[in-house]
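S.K.: sequence and predicted model, in that order:
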Amino acid sequence: MIYAQTCDGVGFVIRPLSEGEARPDDSSEYDQWSGEFISAHSEMHQAVIECAGELVGSMSWHEEMYGPTVGSLCWNIGIGLVAVWRGKGIGAAAQRALAEHLFATTPHNRVEASTDVKNVAEQRALERAGFTREGILRGAQHRADGIHHDLVVYSMLRGELELL
Ligand SMILES: CC(C)(COP(=O)(O)OP(=O)(O)OC[C@H]1O[C@@H](n2cnc3c(N)ncnc32)[C@H](O)[C@@H]1OP(=O)(O)O)[C@@H](O)C(=O)NCCC(=O)NCCS
């Protein structure tokens, strides 16, 4: 359970989805998929965001590897908010809180997130959360429109957290 608040002081929690509990509808144009789903290459952790007793979004995180030994593992995080809860500071605060939690509870040196080059809201939210824009992953994400979309990749390193 992660307790956090927006810069306006609105409190929320990030907690595991309970058994049998329905996920909130936080879909957007950036998660319309088609084709066969692949089984995750690492465990996908799933959580929901609850604010004022309401499910307002969901988050997920999984390990990515950039080398053959455990020191090269990092976290990749994702988020979606129910439409009426967007633009209230929750996206930035939740991604910052999750990054802090992952650095506090695991040894990994890096937390990363990527988003569509057109997803300005998520890019701003990640920047506000303290992530650094690294570059473009060209043609990386295939979606329901049949097109491979470019993504922007962001990261936060353990040593940067104290500086923010
Ligand atoms: C992307 C998302 C998580 C961002 O969370 P949010 O709570 O809406 O964003 P915040 O309120 O924390 O805003 C953070 C910044 O983005 C800006 N922003 C928010 N919505 C915006 C929009 N639609 N267009 C442009 N900027 C926007 C805010 O003004 C703020 O900028 P600032 O730091 O300059 O003040 C949320 O909008 C969402 O769930 N969108 C749909 C799903 C999605 O795109 N998920 C990410 C897929 S990778």
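M.R.: That came through fine.
S.K.: CA atoms only: put stretch 70-78 into CSV for me.
M.R.: What follows is stretch 70-78, C-alpha atoms only, in CSV (Å, rounded to 0.1, in the frame of the first residue of the first chain):
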residue,chain,number,x,y,z
VAL,A,70,20.7,-9.0,-11.7
GLY,A,71,22.5,-5.7,-11.4
SER,A,72,21.1,-4.7,-14.8
LEU,A,73,17.5,-5.2,-13.9
CYS,A,74,15.3,-2.1,-13.8
TRP,A,75,11.6,-1.3,-13.3
ASN,A,76,9.3,-0.2,-16.1
ILE,A,77,6.1,1.4,-14.9
GLY,A,78,2.7,2.3,-16.5
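S.K.: in it, what counts as buried?
M.R.: 73-78 (16 or more other CB atoms under 10 Å). Backbone N, C-alpha and C define where each C-beta goes, glycine included.
S.K.: what distance separates that stretch from the centre of its chain?
M.R.: Put simply, stretch 70-78 sits 12 Å off its chain's centre (CA atoms, centre = their mean, to the nearest Å).
S.K.: hmm, who's touching that stretch?
M.R.: With contact meaning CB atoms under 8 Å, 6 or more residues apart in numbering, stretch 70-78 is reached by 59-66, 95, 98-99, 102, 106, 108-114, 155.
S.K.: mind giving me the PyMOL select for those residues, buried ones only?
M.R.: Filtering these down to the buried ones (16+ other CB under 10 Å) takes a single PyMOL command:
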select buried, resi 59+61+63+95+98+99+102+108+109+110+111+112+113+114+155
